[in-house]
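Enquirer: Here's a sequence, model it:
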Amino acid sequence: MKVGIIRCQLTEDMCPGSMDFKVAREGTLAFEGTGPVEIIGFISCGGCSGKKAVTRAKMMVDRGAEAIVFASCMKKGTPIGYPCPHFSAIKVAVENKLGSEAKIIDWTH
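Expert: Prediction:
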């Protein structure tokens, strides 16, 4: 499966995304049972309030992503312990934009 990962811009200074790449490569946690995973894009939400996530998700789907995955920093707040307060709205907006074009996965690890 080809995926595009959207991460929280606020965590970029603290997290290089190593665990996101590891679990995708290994097919573990959120990627359990998905088969081989190819990350075709790893990009931030664009900063609060995450409005750029919609166009960035669509861009990755147009470039071959079969799923859009929100990195755990968005939903779970990993590594800073502060989940995105806009996550629900961002997810709904991405789902509305993509419809059935791509699967949505809430977290990575």
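Enquirer: which residues does Phe42 contact?
Expert: Contacts were defined as CB atoms under 8 Å, 6 or more residues apart in numbering; by that measure Phe42 touches Gly4, Ile5, Arg7, Gly17, Asp20, Phe21. Using the backbone N, CA and C atoms, a C-beta is placed for each residue, glycine as well.
Enquirer: let me redo that: Lys22
Expert: Going by CB under 8 Å, 6+ apart, Lys22 touches His109.
Enquirer: Check what pLDDT the spatially most central residue of the chain gets.
Expert: Geometric centre of the chain, nearest residue: Phe70, 2.4 Å, by CA atoms, centre = their mean. Residue-level confidence at Phe70 comes out at 98, pLDDT.
Enquirer: what's across from it in the sheet?
Expert: The bridge-partner assignment for Phe70, based on DSSP bridges, gives Ile6.
Enquirer: Would you check that it makes contact with Val92?
Expert: No: look at Phe70 against Val92 with CB atoms under 8 Å: they stay out of range, at 12.0 Å.
Enquirer: residue ranges with poor pLDDT in this structure?
Expert: Regions of the chain meeting the criterion pLDDT under 70 are absent.
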